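Student: Test case, fold it:
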Amino acid sequence: MNYIDYVADPTRDCAIVVHRGIWRAAPENSLLSIERAMSAGYDVVEIDVRRSSDGELFLLHDDTLERMAGLNQEPEALTLQQLSSLNLRDRDGGEANPMTGEKLPCLKDVFELTRDRIFIHLDVKDRQLIPDVIACARAMGVDQQVDFWGNLKTADDLAWIRANVSSQAVLFMAKTRLETSDADSQLDLLFQLNPFLCEIYFDRLEQVAERKALFQKAGIALWVNTLDSVSSAGFTDSAALRDPEAIWGRLIDAGISAIQTDEPAALKTYIASR
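Tutor: Numbers count the residues shown, from 1 in each chain. Okay, the predicted model is just below:
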């Protein structure tokens, strides 16, 4: 099954999206963290993508290498060979975590590892890189296994997405905010684009629940982050660990069918119990 068919399947369980791989047991955005996400049977893994000084694509979240590799330098200033020689700090990095034998990976190695094993949410840090990432995915035969993400706030955003992503027949996830003053405008753009997937933000869950039928009729699946650092209205992983029904349960009941989390094992156990 390709990613679009998976997202559109009305019979599937809520998708568990693993944030930067299983980073509590390996360096985030490392091949090992991704391998552990696949071995545990999760649905989607999120990774962060940047481009090196010699035009190659690699995985890293931050604007510098300090947190994950102990090097106070912008990663885009280095070649892929230089980047690939760097050891990664364990877990989510920082001085409190030791260096490991894991190296900073390139995107091609990730695609080789994950082919036909897991879907991939690509957080491409510079939107202008997305066409190159699509080309890389297509060349490696994994373009129906990945999604691309971006803001959809203006007519210019809509035009860019249609020209550079929708036209390439790959899965695009729009980011829409219901808690802002221009929510109606963002929703209008969303329904003009009518993507298969939307990352939704809100300050009241009712803003999502009251539109559940509308999203379902349009065939738009909804994705929410419950990461402690990126969430909506207190719907966080920490709160879910205390009361999963009140957090993950209410989200699923409101129409959410993909949850990005740093607590995938707990979310998997909860979904199995529903």
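Student: For the stretch 51-200 of the chain, which segments count as helices?
Tutor: Ranges of helices within the stretch 51-200 of the chain are 66-69, 80-84, 107-114, 130-139, 155-164, 183-193, based on DSSP state H, counting those that start in this stretch.
Student: Quick check: which of these is buried the most?
Tutor: When the helices of the stretch 51-200 of the chain are scored by mean count of other C-beta atoms under 10 Å, the highest mean neighbour count falls to helix 66-69 (a mean of 22). To be clear about C-beta, it is placed using only N, CA and C from the backbone, and glycine gets the same treatment.
Student: quick one on the thing from earlier: please produce CSV containing the helices of the stretch 51-200 of the chain, extended by distance to A96 and mean pLDDT.
Tutor: Below are the helices of the stretch 51-200 of the chain laid out as CSV (distance: least, C-beta to C-beta, whole Å; pLDDT from 0 to 100):
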stretch, distance to A96, mean pLDDT
helix 66-69, 11, 98
helix 80-84, 23, 98
helix 107-114, 26, 98
helix 130-139, 32, 98
helix 155-164, 39, 97
helix 183-193, 39, 97
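Student: out of the ones you listed, which comes closest to Y3?
Tutor: Closest of the helices of the stretch 51-200 of the chain to Y3 is helix 130-139, at 10.8 Å (criterion: C-beta to C-beta).
Student: Give me the residues contacting the closest one.
Tutor: 49, 51, 57, 107-108, 111, 122, 124, 143, 145-146, 148, 150, 164-165, 168, 170 (C-beta atoms under 8 Å, 6 or more residues apart in numbering).
Student: Any chance of a PyMOL selection covering the buried ones in those?
Tutor: Here is the PyMOL selection string for the buried members of the contacts of helix 130-139, based on 16 or more other C-beta atoms under 10 Å:
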select buried, resi 49+51+57+107+108+111+122+124+143+145+146+148+150+164+165+168+170
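Student: any idea of the pLDDT on the nearest residue to L171 once chain neighbours are set aside?
Tutor: Sequence neighbours aside, D147 is the residue nearest to L171 in space, at 4.1 Å (criterion: C-beta to C-beta, 6 or more residues apart in numbering). We note a pLDDT of 98 for D147 in this prediction.
Student: Specify the beta-bridge partners of D147.
Tutor: Counting by DSSP bridges, D147 forms beta bridges with H121, L171.
Student: Return the residues in contact with it.
Tutor: Counting by C-beta under 8 Å, 6+ apart, D147 touches 3, 119-122, 170-173, 197.
Student: Likewise for S238?
Tutor: Residues near S238 by C-beta under 8 Å, 6+ apart: D228.
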